[in-house]
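Student: Following is a predicted model, sequence given first.
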Amino acid sequence: MIKIVKRDEPSRAIFFLTPVLAIFLTLVAGGLIFYILGFKPFEALKFFFIVPIADKYGFSELLLKATPLCLIAIGLSFCFKSNNWNIGAEGQLTFGAIVSGGVALLFYEQEGFYILPIVILAGAIGGMLYASIPAILKTYFNTNEILVSLMLVYVSKLILDYLVVGPWSNPEGFNFPETRQFSDSARLPLLFEGLRIHGGIFLALAAVVMSWFIFYKTYLGFQMKVSGFSLKTAKYAGYKGKKMIILVFLISGACAGLAGVGEITGPIGQLHREVSPDYGFTAIIVAFLGRLHPVGIIFASLVVAITYLGAETAQIFMQIPKYTGQVFQGMILFFLLASDYLLFFKFKFIGSKNDY
Amino acid sequence: MIIDVNFVGLIIASIMASAVPLILASCGELITERSGVLNLGVEGMMIIGAISGFALMTVTGSLIIAVFGAMLAGVLISTIFAFLTQTLITNHVATGLALTIFGIGISAMIGKNFVGIPGKEFPIIFEGLKDTIPLLSPILFGHSIVFYFAFALPFITSYFLKKTKIGLIVRAVGDSPESASNQGINVKLVRYACILYGGAMCGLAGAYLSMIYTPQWIENMTGGRGWIALALVVFSTWNPIKILIGAMIFGGLTIIQFHMQAIGVRIPVQFLTALPYIVTIIVLVVISRDSRKIRLSTPSSLGKSFYKDN
């Protein structure tokens, strides 16, 4: 007989193995869904997960999508570690894109080495400003940050929409909902001829290093961890809870804002209606799949980025609807959460000699 | 200036109509939260209900099958949430988010074949009485059965929670699962039931949108209503009657948009569309400022997992 027993301590090995298990289970379930929809499961999975990254261009596209996911997820890991549920990264990304896009438009047809840093900084500040709203409301008015940060996503998209069809729209643009093209000095450089991967990837890598340093080498990182485990303990230890909440939101907002900068100053070079295909929401999954660990998040962002590419490829080659990507993303999180069960519980075979 | 009273009645009726999905979803979520479970998957469950209802209506041609099918779809998808949070003891917030992402994906996948298909007319009742009483007639008569159900639901929910034994059990489980469990109540079972009920109501709310309110399937057609419904539960301080008031305010904001545009008010349309979201934030701030009141009315175990060692 098998009995389920609670573990004395969560298993550390399983902590890092369950994401792999979750990905495997997602593939199995995904194959099943393809089968139900009338596709050959293995062929569909091949088009979804292997074909898109089989060549140089595909790999560059993978990095292109993984960059914002990684950046945002790193920022979110600060919030989630300290028990702050910022789920409005999509809005912080959008607002960061708006502010940096606005600054880039100020430098229209101007060139200079100083322009790009200002544009990047503007994006980070935009994201921080937007993230400070739920943070301040949470700390000083006790308002639920989940709902506020989410409502602000809708608001940010409407602000963007207003700007690109209204005051910021390209005067020579035949009323297309987009701004003028930014000058070359306001754009992140492309890294290779003919590929779309751009300098934003260095921003993501810098964020990874910074977060690793803060988490594991600073007092702040320690405080965050303690507050994440138990707010009571943190209070008892005399940590300034309010300051920390605002700080993690600002970091998170800055990262999302930078992701927004990458989206508009990279390959596109202008503001338009849809700056992000829900990167801000998908990054929540990336953060969890990466176990809120900087290195884990790198791997997770690559895995989840494939679902974006795979969805496009599968649509082109097999007429599989592109929303399958989102279904896969939801399933990964389901399976990951479910396999967490193994962290806290173990199966014990009763009746065998190796009971203990 | 002469104001046509029937026109006023029509505006009030249209505000009520746009409040219906919010009332349904909020009342469902309220029961779930009263049992101590925070399900953030309302948006996902609603959109699943919307596509299931519309698809079943198109395929089977039966409105009854479609409405109940949508509720069943809500139940099925919430079963995933219930299994994860109750049996596998996962984090409520993360699981709810996964449910929403998954729901939006699945609905768009199924809905691909239903884009652009016109909906069917949903029967309305008391149509003959529409012109009998000025002002009141358009408000009282000529709506779908779901409309009447939605406006009765807060009162039914209130009665259920306050006066019935099962309602008492639900509240006990939400306020103190440990002592409820010691009294011999099966906490897990009660919470399962409350989650599935919430799923059914969200499914119905979605079906109302795609079958009655705007009878067609549009991708992402819930447009954040699920999240506003969640905010309404906080707004109501977990009191079903207050959900009615909140839903009318938000319904009003939605309807005002259209009329402002119609009479040519020169405010950007995006600002008007953003209004319900901004007002939600303001209302949440006003309500939550009084932290003592919130603490008193929030189900004590909301969002916390309960695990009983066998």
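Tutor: Done, it's in. Numbering: from 1, shown residues only, chains lettered A, B, ... in the order given.
Student: Let me see the contact set for residue 237.
Tutor: All of this refers to chain A. Contacts for A:Ala237 (CB atoms under 8 Å, 6 or more residues apart in numbering or on different chains) come out as A:Gln223, A:Val226. For every residue, glycine as well, the C-beta is placed using N, CA and C.
Student: try chain B instead
Tutor: Applying CB under 8 Å, 6+ apart to B:Thr237 gives the contacts B:Ile287, B:Lys293, B:Ile294, B:Ser297, B:Thr298.
Student: what does B:Leu209 give?
Tutor: When contacts are counted by CB under 8 Å, 6+ apart, B:Leu209 touches B:Pro21, B:Met46, B:Ala50, B:Met221, B:Thr222, B:Arg225.
Student: Where does the fifth one sit: helix, strand or coil?
Tutor: Translated: B:Thr222. The assignment at B:Thr222 comes out as coil when based on DSSP: H, G, I helix; E, B strand; the rest coil.
Student: now the helices for the stretch 51-200 of chain A?
Tutor: Using DSSP state H, counting those that start in this stretch, the helices of the stretch 51-200 of chain A run over A:56-81, A:89-106, A:115-141, A:145-165, A:200-217.
Student: Could I get those in TSV, plus columns for mean neighbour count, mean pLDDT and distance to chain B?
Tutor: Below are the helices of the stretch 51-200 of chain A laid out as TSV (neighbours: other CB atoms under 10 Å in any protein chain shown; pLDDT from 0 to 100; distance: least, CB to the nearest CB, whole Å):
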stretch	mean neighbour count	mean pLDDT	distance to chain B
helix A:56-81	25	95	9
helix A:89-106	28	97	10
helix A:115-141	22	96	5
helix A:145-165	24	95	4
helix A:200-217	17	94	20
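Student: Next, count neighbours for residue 179.
Tutor: By default, I'm working from chain A. 24 (other CB atoms under 10 Å in any protein chain shown).
Student: look at chain B instead
Tutor: Residues contacting B:Ser179 under the criterion other CB under 10 Å number 11.
Student: show me the contacts for it.
Tutor: Taking CB under 8 Å, 6+ apart, we find B:Ser179 in contact with B:Ala172.
Student: Need the pLDDT of it.
Tutor: pLDDT recorded at B:Ser179 is 93.
Student: And A:Met1, by the same measure?
Tutor: We have a pLDDT of 67 for A:Met1.
Student: Next: B:Ser297.
Tutor: Looking at B:Ser297, its pLDDT stands at 84.
Student: Could you check how far the nearest residue to it once chain neighbours are set aside is from chain A?
Tutor: Nearest residue to B:Ser297 in three dimensions, chain neighbours excluded: B:Thr237, at 4.0 Å (CB to CB, 6 or more residues apart in numbering or on different chains). According to CB to the nearest CB, to the nearest Å, B:Thr237 and chain A sit 13 Å apart.
Student: B:Thr237: what secondary structure?
Tutor: The local conformation at B:Thr237, judged by three-state DSSP, is coil.
Student: before we move on, what about A:Phe349?
Tutor: Classified using three-state DSSP, A:Phe349 is strand.
Student: who touches B:Ile212 in this structure?
Tutor: B:Phe122, B:Ser144, B:Val146, B:Phe147 are the contacts of B:Ile212 under CB under 8 Å, 6+ apart.
Student: make it 10 Å
Tutor: B:17, B:20-21, B:53, B:63, B:67, B:119, B:121-124, B:143-147 (CB atoms under 10 Å, 6 or more residues apart in numbering or on different chains).
Student: mind listing which of those are in helices?
Tutor: Applying DSSP state H to the contacts of B:Ile212, the entries found in helices are B:Ala17, B:Val20, B:Pro21, B:Gly53, B:Leu63, B:Val67, B:Ile145, B:Val146, B:Phe147.
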